[in-house]
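Engineer: model the following, please.
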Amino acid sequence: MNIFVLMKRTFDTEERISIAGGKINEDGAEFIINPYDEYAIEEAIQIRDSKGGEVTVVTVGNEEAEKQLRTALAMGADKGVLINIEDELEDSDQYTTAKILAEYLKDKEADLIIGGNVAIDGGSGQVGPRVAELLQIPYVTTITKLEIDGSEVTIVRDVEGDSEVIQTSLPLLVTAQQGLNEPRYPSLPGIMKAKKKPLDELELDDLDLEEDDVEAKTKTIEIFLPAEKEAGRVLEGDLSAQVKELVDLLHNEAKVV
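Structural biologist: Purely as a prediction, here's the structure:
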């Protein structure tokens, strides 16, 4: 099977985010593979091991993403592809990423494309479905189980605390939800092998794309951190007095009643 994984480099989930000059400060920050994309990588490797074929992990970003691609290769992926847009685009959004990925994938004869359900930084969940629409192939999101029999596919997907069973066929794009599998840690032999695995770097010119072709459709007006929460207040006195004070606070301070 010809399997492609869509991967994103994101902030470490334990990283403390700071804002500088109206932008997220990346100086000294730790970056990781988007956690939902780890499920996608693991699923791709398991399918490759059982069905045969090849796993290629693709990301759109800058040269710093090579580290995360090497981690994916150390997990067991066969190839990595970095589409570097750092020096070509000032702004990008989900449309930009999807357009670039679809242009790369359009002639790759992919049987299966797997991405994470959402990215933990943006959380839009748009890129996977957008890529499928551009490639004009079926897609299923938030999957928790995937079974392939020839070209027929049976999928279980998460739907607001319940599950739904879907039957479809290849070629197909799916996005991985937590619970699909348990991603492996790169082993020492895997890390050593990853250094020799192919990792290609492309730019927009290599895909016959111009900046205008992938211009962002959205504009970020402002980035700010949530306001700090005020300390809680303990009401004292008998129950009736507490109730009266609470109602007064909700009406005059919180202004919710």
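Engineer: look up the closest residue to residue 198, ignoring the ones flanking it.
Structural biologist: Using C-beta to C-beta, 6 or more residues apart in numbering and skipping residues adjacent in sequence, the residue nearest residue 198 is residue 79, 5.1 Å away. No exception for glycine: its C-beta is placed from N, CA and C like everyone else's.
Engineer: look up how far residue 58 lies from that neighbour.
Structural biologist: As judged by C-beta to C-beta, to the nearest Å, residue 79 and residue 58 stand 9 Å apart.
Engineer: between the two, who's got more neighbours?
Structural biologist: In terms of neighbours (other C-beta atoms under 10 Å), residue 58 is the more surrounded of residue 79 and residue 58; the figures are 24 against 17.
Engineer: and what about the closest residue to that one other than its chain neighbours, helix, strand or coil?
Structural biologist: Distance criterion C-beta to C-beta, 6+ apart; nearest residue to residue 58, sequence neighbours excluded, is residue 81 at 4.5 Å. With DSSP: H, G, I helix; E, B strand; the rest coil as the basis, residue 81 sits in strand.
Engineer: what's the neighbour count on residue 81?
Structural biologist: 21.
Engineer: and residue 158, by the same measure?
Structural biologist: Residues near residue 158, counting by other C-beta under 10 Å: 18.
Engineer: looking at the protein, which strand is longest?
Structural biologist: In the chain, taking DSSP state E as the definition, the longest strand is strand 139-149.
Engineer: just checking: what are the partner strands of that one?
Structural biologist: Strand 139-149 pairs in its sheet with strand 152-159 (antiparallel), strand 172-176 (parallel), by DSSP bridges.
Engineer: mean neighbour count, those: which tops it?
Structural biologist: strand 172-176 (a mean of 26; mean count of other C-beta atoms under 10 Å).
Engineer: using PDB, write out every CA atom in that strand.
Structural biologist: Output of strand 172-176 as PDB, limited to C-alpha atoms (Å, rounded to 0.1, in the frame of the first residue of the first chain):
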ATOM      1  CA  LEU A 172      -9.300   7.300   1.200                       C
ATOM      2  CA  LEU A 173      -8.300  10.000   3.700                       C
ATOM      3  CA  VAL A 174      -8.900   9.600   7.400                       C
ATOM      4  CA  THR A 175      -8.000  11.600  10.500                       C
ATOM      5  CA  ALA A 176      -6.900   9.900  13.700                       C
END
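Engineer: need the phi and psi values for residue 8.
Structural biologist: phi -130, psi 140 (degrees, to the nearest 10).
Engineer: typo on my end, it should be residue 180
Structural biologist: According to degrees, to the nearest 10, residue 180 has phi -60, psi -40.
Engineer: return the per-residue confidence for the nearest residue to it once chain neighbours are set aside.
Structural biologist: Nearest-residue entry for residue 180: residue 39, 4.7 Å, with adjacent residues in sequence omitted and distances by C-beta to C-beta, 6+ apart. On the pLDDT scale, residue 39 is placed at 98.
Engineer: mind putting the strands paired with strand 139-149 into CSV with mean pLDDT?
Structural biologist: Shown next, in CSV, are the strands paired with strand 139-149 (pLDDT from 0 to 100):
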stretch, mean pLDDT
strand 152-159, 96
strand 172-176, 97
